[in-house]
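Chemist: 3D model of this:
(chains A and B)
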Protein chains: 2
Amino acid sequence: MLTRADSNTTDIAALMADMGARAKAASRPLAIASTAQKNAALLAMAEAIIDGCSDILAANDADMEAAGKADLTPAFKDRLKLTEERVHAMADGIRAIAGLPDPVGSVMAAWERPNGLRIERVRTPLGVIGVIYESRPNVTADAGALCLKAGNAVILRGGSDSANSSRAIHACLVSGLESAGLPADAVQLVPVTDRAAVGEMLAGLDGAIDVIVPRGGRGLVERVQNDARVPVFAHLEGLCHVYVDRSADIDMARSIAVNAKMRRTGICGAAETLLVDRAAADTHLAPILDALHGSGCEVRGDTNVCKLWPKAAPATEADWMTEYLGPLISVALVDGIDGAIRHIADYSSSHTEAVIAEDEAVVERFFNEVDSAILLHNASTQFADGGEFGMGAEIGIATGKMHARGPVGVEQLTSFKYRVHGTGQIRP
Amino acid sequence: MLTRADSNTTDIAALMADMGARAKAASRPLAIASTAQKNAALLAMAEAIIDGCSDILAANDADMEAAGKADLTPAFKDRLKLTEERVHAMADGIRAIAGLPDPVGSVMAAWERPNGLRIERVRTPLGVIGVIYESRPNVTADAGALCLKAGNAVILRGGSDSANSSRAIHACLVSGLESAGLPADAVQLVPVTDRAAVGEMLAGLDGAIDVIVPRGGRGLVERVQNDARVPVFAHLEGLCHVYVDRSADIDMARSIAVNAKMRRTGICGAAETLLVDRAAADTHLAPILDALHGSGCEVRGDTNVCKLWPKAAPATEADWMTEYLGPLISVALVDGIDGAIRHIADYSSSHTEAVIAEDEAVVERFFNEVDSAILLHNASTQFADGGEFGMGAEIGIATGKMHARGPVGVEQLTSFKYRVHGTGQIRP
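Modeler: Coordinates of the predicted model:
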């Protein structure tokens, strides 16, 4: 284990302050590194991971052995476990990030003023990103590579259960940086597992950290959101809704509802609540619920749903507020689009919602009036993903409204500045 | 005065929580209000201000009378003072905001995925803005109108010295909202002047406030930045630099330096430090300093500057860190563009910097490597202004890197969401 026997709060504070200062120093050359140099580092990282596969697997074995002795769920162990295939997938992910367009320096907007000044708004790196995650060792590679591509330094703080795996992967990232002539401090891994290190990161390391991205369960995200003194890109939960309008095609509604709920029930884009237009209760409700039930989903319904489809168990108020993350769905009848908008406003976590409808006026109201990060028409909520959006990779999904919203990819890890081109203009 | 004799902390907390809840409730209809309805409200506000001119001036007289008894600077009183002309300018400002394009609903980007999903990124309001300002009564009108245009509810907290003026102006804004059928709670003015009200706003009013914009002196901005638990759009100071390269046209450098420093010395875009390329010391330094001195500016220089131009007083380390906001400039010789970039990185407040040069390679390095919100080539730093950028109006200038940077206009007061158009797609 990496926890230092002699560590105490003062040590940790000093250690973390030093990491912050080094990240900030590294962020300057990184911000002006060329696209070619950053991509060379990324490709070298991928190669180092392939070359170091046996070391990474040996480190992971040590983590798995410790996990075997601890009281951890099979799902947790599966997230922790690396295989040769998973290590190669990690390298492929980094190569894919190398292939993305470089956001830094791209001109977002340009215009000219009557006095001849030409104004450009240009993407710049954010600076230093702090990533706090749990037991998935691959986050070390994904987050490190994404931050680098956007010209940011990153401080990674992985879970203690994956400490050996993360350290082995991190060594490959550093070797990639060094072989491309970039500072090793561009991607740092917190070398201790004390929780105090997280506290220091949340306080911002004396202004060094520009934004924090938590990756993990609700407990972690909640702590980060409550305690962080710097901006956070995160979602606490994905309480996603599918609304089936009276104008919906029944077959489409059925296939989308089943996919949205059951394709993978444990991801944030999985649907948790189905809202059915009261005017479509007789036609659409039973076919959809039969299909959900047939795919292994338990149904909890409001009074009317239970009356119309007796296999449903009665839902309580708590059900409308619960992210099941399992094969269970809550179902309510609502008064058309108005009722759907109201229910979503009351219960949604502002992550992702879908409307199934053929009536364009209904779709327009849904798109205008529902205030969630991602709204879909006639498509599954499980598309809520940076890869599916064509962003190449994401560091997470944000439900806040500031700066980044929805999938957080390389573009969302940038800021911007104005470049003003003059020919001697002075202000009258 | 508006301070309630019986107010106490509990009262204030309850009052503010209620304002927050009402702002949040108002933000929903506001977010989906049509452009026509918002513009009708803005034009009605302007008309109400013209119609209410004598009431506003009477209220301002009361504020001025109280100010006359207090120990306030002439500059402070000038900011507080309203005249018929200033009231008309306020109404004109609101009409100009009505004339701006509506950012809400505009499509920022659109693309299609191989599976046929069409993805749009669309501007949405942020929600509720808190504006905390000092004695300028016109901020009440400007900030209220800008927030409304972007579909946001706003809670305004003006300084106690302008309480009567702000209240009279606020009444006109509310009458404009009501005549257009928009909720009066869309623009609220905190009715008490207790400082505890500011504390409640900085805590976010139980999640109701999405962002805070402070308008005022360093003390106010510093308190807001230190204590706010919600995002802040602000700049603490504008420590702006002008770098004169060896390749600069001497006449242009002279005219820009004088304008950047002396046009108005009290604004955040005024230059505070002049950096001159050591290689141009013999040719460029004296003409520029002569012109600055001739325009009434005091010069403080480093050792070499004092040697070459003996009228300069010696600068100390503190001078490089001081925003004079007056007719005073610090001057240093630097080793070309490298030295300029280093000096700016060490001392700048990341607001606005200008490079005067004919050498395009120098300009490119300045634009790439200096990380401030606004960079200008061959133009005065005094152009750092939303109006000069063509944004129509600004609520302030931000030096943070998150969400808004540089002039904060209507677009920067928005967030976005993704609208995904499908035809039945489910995720494989």
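
Chemist: all contacts plus neighbour counts: C-alpha atoms, from now on.
Modeler: OK.

Chemist: so where's chain A uncertain?
Modeler: Counting by pLDDT under 70, the ranges of chain A that qualify are A:1-10.

Chemist: would you map the helices across it?
Modeler: Along chain A, the segments classed as helices by DSSP state H run A:9-31, A:35-51, A:53-69, A:74-80, A:84-98, A:138-149, A:163-179, A:195-202, A:218-227, A:250-262, A:286-294, A:303-308, A:336-347, A:360-369.

Chemist: and the angle for the fifth one with helix A:163-179?
Modeler: Using axes from the mean of the first three to the mean of the last three Cα atoms, to 10 degrees, the direction of helix A:84-98 lies 40 degrees away from that of helix A:163-179.

Chemist: related to what we said a few turns ago, looking at the helices of chain A, which is buried most?
Modeler: helix A:138-149 (a mean of 26; mean count of other Cα atoms under 10 Å in any protein chain shown).

Chemist: who's in contact with that one?
Modeler: In this structure, residues lying in contact with helix A:138-149 by Cα atoms under 8 Å, 6 or more residues apart in numbering or on different chains are A:30, A:38-39, A:42, A:90, A:93-94, A:97-98, A:102, A:129, A:131, A:133, A:153-154, A:156, A:158, A:166, A:169-170, A:173, A:186-187, A:393-395, A:409-410, A:413.

Chemist: of the helices of chain A, which is nearest B:Ile344?
Modeler: Using Cα to Cα as the criterion, the shortest distance between B:Ile344 and the helices of chain A is 12.9 Å, found for helix A:9-31.

Chemist: name the residues that touch that closest one?
Modeler: Residues lying outside helix A:9-31 but in contact with it, judged by Cα under 8 Å, 6+ apart, are A:124-125, A:127-128, A:148, A:151-155, A:182-188, A:190, A:196-197, A:200-201, A:205-206, A:208-209, B:369.

Chemist: hmm, 7 Å instead?
Modeler: Under the contact criterion Cα atoms under 7 Å, 6 or more residues apart in numbering or on different chains, helix A:9-31 has outside partners A:125, A:127-128, A:151-154, A:183, A:185-186, A:196-197, A:200, A:205, A:208-209.

Chemist: what number of residues lie near the closest residue to A:Trp111 other than its chain neighbours?
Modeler: Spatial nearest neighbour of A:Trp111, excluding adjacent residues (Cα to Cα, 6 or more residues apart in numbering or on different chains): A:Ile119 at 5.4 Å. Neighbourhood size, A:Ile119 [other Cα atoms under 10 Å in any protein chain shown]: 21.

Chemist: show me what A:Ile119 is bridged to.
Modeler: Residues in a beta bridge with A:Ile119, per DSSP bridges, are A:Trp111, A:Val420.

Chemist: list the residues that contact it.
Modeler: The contact partners of A:Ile119, taken as Cα under 7 Å, 6+ apart, are A:110-112, A:418-421.

Chemist: farthest pair within those residues?
Modeler: Put simply, by Cα to Cα the two of the contacts of A:Ile119 set farthest apart are A:Glu112 and A:Tyr418, 12.6 Å from each other.

Chemist: once you drop chain neighbours, what's closest to the residue in chain A positioned nearest to chain B?
Modeler: Using Cα to the nearest Cα, the single residue of chain A nearest to chain B is A:His403, 4.0 Å away. Leaving aside its sequence neighbours, A:His403 sits nearest to B:His403 (Cα to Cα, 6+ apart; 4.0 Å).

Chemist: please identify the buried residues of stretch A:310-330?
Modeler: Neighbour-count burial for stretch A:310-330, counted by 16 or more other Cα atoms under 10 Å in any protein chain shown, picks out A:311-315, A:319-330.

Chemist: now stretch A:382-389
Modeler: Along stretch A:382-389, the positions that meet the burial threshold by neighbour count (16+ other Cα under 10 Å) are A:382-386, A:388-389.

Chemist: between the two ends of that stretch, how far is it?
Modeler: Length of stretch A:382-389, first residue to last, Cα to Cα, to the nearest Å: 11 Å.

Chemist: quick one: residues in contact with it.
Modeler: Contacts of stretch A:382-389 with the rest of the structure, by Cα under 7 Å, 6+ apart, involve A:260, A:269-270, A:352, A:392-394, A:407-409, B:427.

Chemist: how does it look with 6 Å?
Modeler: A:260, A:269-270, A:393-394, A:407 (Cα atoms under 6 Å, 6 or more residues apart in numbering or on different chains).

Chemist: likewise for stretch A:93-101?
Modeler: Taking Cα under 6 Å, 6+ apart as the criterion, the residues outside stretch A:93-101 that touch it are A:39, A:42-43, A:46.

Chemist: try it again with 7 Å
Modeler: So stretch A:93-101 is contacted by A:39, A:42-43, A:46, A:142, A:145-146, A:392-393 (Cα under 7 Å, 6+ apart).

Chemist: one more: stretch A:179-196?
Modeler: A:2-4, A:9, A:12, A:22-23, A:26-27, A:37, A:40-41, A:144, A:153-157, A:160, A:170, A:174, A:177-178.

Chemist: enumerate every residue touching A:Met127.
Modeler: Actually, residue A:127 is Gly. It isn't Met. By Cα under 7 Å, 6+ apart, the neighbours of A:Gly127 are A:27, A:152-153, A:210.

Chemist: most surrounded residue in these?
Modeler: Ranked by neighbours (other Cα under 10 Å), the contacts of A:Gly127 are led by A:Ala153, which has 34 neighbours.

Chemist: beta partners of it?
Modeler: Under the criterion used here (DSSP bridges), A:Ala153 is bridged to A:Val128.

Chemist: wait, it touches A:Ile129, no?
Modeler: Yes. A:Ala153 is within contact range of A:Ile129, at 6.3 Å (criterion: Cα atoms under 7 Å).

Chemist: can you name the residues of the stretch 101-250 of chain A sitting close to chain B?
Modeler: Neighbours of chain B within the stretch 101-250 of chain A, by Cα under 7 Å from any Cα of the partner chain: A:113, A:126.

Chemist: no further questions, thank you.
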